[in-house]
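Enquirer: Next one to model:
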Amino acid sequence: MDASKKVDLKIIIIGALGVGKTSLLHQYVHKTFYEDYRTTLGASILTKVLAVDNTPLKLQIWDTGGQERFRSMVSTFYKGSDGCVLAFDVTDRESFESLDNWRDDFLEKVIPREQDFPMVVLGNKIDICDRQVPKEIASTWCKEKDIPYFEVSAKNNINVAEAFETLAKQALTTHKGIFESYLTDSIKLTPNDKPKKSCC
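Expert: Residues are numbered from 1 along each chain as shown. I've put the predicted structure just below:
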């Protein structure tokens with residue numbers, strides 16, 4: 001593994017207030033879970049270094065506030081993202097129903113807009129019995145949008161790493177594709193159309 005080829009990727013996690021975004025991040029990055037986190041105001045950033053397909057990656061993961069009144073501020077953090085985690089709480093139907101808005105808002109702000117932007121959906125708190133969003137409904141929503149879906153528990157560390165690593169793989173593939181097409185475009189030195197004959 002060549003450390004000089006380390007790829008930096010910006011990942012952002014968005015979703016309604018209280019779905020457990022901060023808990024998911026701390027479980028993934030620090031392998032810790034706390035019952036009480038203060039509400040994230042704006043954004044905080046955690047980093048995680050890992051290897052995907054022999055490529056060293058440094059994930060810069062942006063944890064964002066889910067309060068409606070901070071929505072416009074949070075959307076300023078979307079710029080430059082390589083991947084997006086959409087999170088909801090399986091015990092809170094409203095948090096699932098707001099996914100469309102979060103996703104649309106994100107895709108609107110990310111330029112260029114790509115419908116196949118690297119994204120995963122996490123249904124958190126599967127350790128709690130009082131479930132309000134059936135797995136089938138969440139899976140169907142994700143299938144329609146072609147987004148991988150993971151049922152996770154930040155508390156019991158179920159599927160958390162798998163979800164983030166799936167997104168990291170997608171983001172790396174997209175990143176490599178953009179980088180290669182950028183290089184290819186730079187190398188095209190000859191114009192495609194034949195030069196016009198000059199008179200005289």
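
Enquirer: Report the secondary structure element holding Thr173.
Expert: helix 160-187 (DSSP states H and E).

Enquirer: what pLDDT, on average, does that helix get?
Expert: Helix 160-187 shows a mean pLDDT of 81.

Enquirer: Repeat that for stretch 63-71.
Expert: 66.

Enquirer: So Phe33 lies in a strand, does it not?
Expert: No: counting by DSSP: H, G, I helix; E, B strand; the rest coil, Phe33 is not part of a strand but coil.

Enquirer: count of neighbours near it?
Expert: Here the count is done by other CB atoms under 10 Å, and Phe33 has 17 residues near it. (Each C-beta comes from the backbone N, C-alpha and C, glycine too.)

Enquirer: ok, now how distant is it from Ala87?
Expert: Applying CB to CB, to the nearest Å, the value for Phe33 to Ala87 is 15 Å.

Enquirer: Please apply the same query to Gly65.
Expert: Gly65 sits 13 Å away from Ala87, going by CB to CB.

Enquirer: Comparing those two, which shows the higher neighbour count?
Expert: Using other CB under 10 Å as the criterion, Gly65 and Ala87 rank with Ala87 on top: 27 against 21.

Enquirer: So what's the predicted local confidence for the closest residue to Ala16 other than its chain neighbours?
Expert: Excluding its sequence neighbours, the residue lying closest to Ala16 (CB to CB, 6 or more residues apart in numbering) is Ser95, at 4.1 Å. Here, the pLDDT recorded for Ser95 equals 97.

Enquirer: And for the helix or strand hosting Ser95, what's in contact with it?
Expert: Using DSSP H and E, Ser95 falls within helix 93-97. For helix 93-97, contacts defined as CB atoms under 8 Å, 6 or more residues apart in numbering pick out 15-16, 18-19, 88-90, 123, 132-133, 137-138, 141.

Enquirer: re earlier: report how many residues lie close to the residue nearest to Ala16.
Expert: Residues within reach of Ser95, counting by other CB under 10 Å, total 25.

Enquirer: roughly how far apart are it and Thr76?
Expert: Ser95 is 22 Å from Thr76, by CB to CB.

Enquirer: Over to Asn156. Which of the three states is it?
Expert: coil.

Enquirer: contacting residues around the residue lying closest to it once chain neighbours are set aside?
Expert: Using CB to CB, 6+ apart and skipping the chain neighbours, the partner closest in space to Asn156 is Asp127 (4.9 Å). Contact partners of Asp127, counting by CB under 8 Å, 6+ apart, are 153, 155-156, 158.

Enquirer: Asp146 is in contact with Asp116, isn't it?
Expert: Yes: when contacts are counted by CB atoms under 8 Å, Asp146 is listed as touching Asp116 (7.0 Å).

Enquirer: If you average pLDDT per helix and strand, which one of this protein comes out bottom?
Expert: helix 71-74 (a mean of 62; mean pLDDT, DSSP states H and E).

Enquirer: The next helix or strand after that helix pairs with which strands?
Expert: Once the chain leaves helix 71-74, the next helix or strand it forms, by DSSP H and E, is strand 83-89. Applying DSSP bridges to the sheet, strand 83-89 is found paired with strand 7-15 (parallel), strand 119-124 (parallel).

Enquirer: That's all I had, so thanks and see you.
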